[in-house]
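1. Give me a model of this one.
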Amino acid sequence: MTKKELLDKTNYSLRMKDLREFVEANKDLDDNAPCLVERVEDLYFSSRELSNGEKTNGWGVLLKEGYHYHRALSWNKDMYREEEKRKNGEEPEYGIENPLDQILGEKELEAMKEQFYQPHCITTDKEIVYIYSHY
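-> The predicted structure follows:
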């Protein structure tokens, strides 16, 4: 899912106005109350065939190039530099036999992106905040 697709979605999901309303309605909630997010299985995000034979596309996610993605890019640069150092006869920095074998490809880099989806709603029992993924 692209950022534009996400912003254009009209189906119900948790929005900023919902968070504002929740905070306003729960001013007495302790500032240290834990916030929990409902765990969902990966199968919700995959295309699959249902028991009735219909196919589902799964829940869309917004991919973000976060810490792990940028760390992987940095790793690739380190491995290219390591290879260059070795070609120049310099002392290796890494105890790796072949640095080029350690380069992450496009598929691996794509998998390093953080995945975000929209939760459905937020509730509380006045001790814990619950953010639900299912509707």
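2. can you count the residues close to residue 86?
-> Neighbours of residue 86 under the rule other Cβ atoms under 10 Å: 16. Backbone N, C-alpha and C define where each C-beta goes, glycine included.
3. That one contacts residue 96, doesn't it?
-> No: applying Cβ atoms under 8 Å as the test, residue 86 and residue 96 come out as separate, 10.0 Å apart.
4. immediately after the longest helix along the chain, which helix or strand?
-> For the chain, the helix with the greatest residue count under DSSP state H is helix 67-87. For helix 67-87, the following helix or strand on the C-terminal side (DSSP states H and E) is helix 106-111.
5. centroid residue for the chain?
-> Among the residues of the chain, the one closest to the centroid is residue 115, at 2.3 Å (Cα atoms, centre = their mean).
6. May I have the phi/psi pair for the residue in the chain sticking out farthest from the centre?
-> For the chain, the largest distance from the centre (Cα atoms, centre = their mean) belongs to residue 89, which lies 40.8 Å off. Main-chain torsions, residue 89, degrees, to the nearest 10: phi 80, psi 10.
7. Look up the closest residue to residue 86, ignoring the ones flanking it.
-> Nearest residue to residue 86, sequence neighbours excluded (Cβ to Cβ, 6 or more residues apart in numbering): residue 92, at 5.9 Å.
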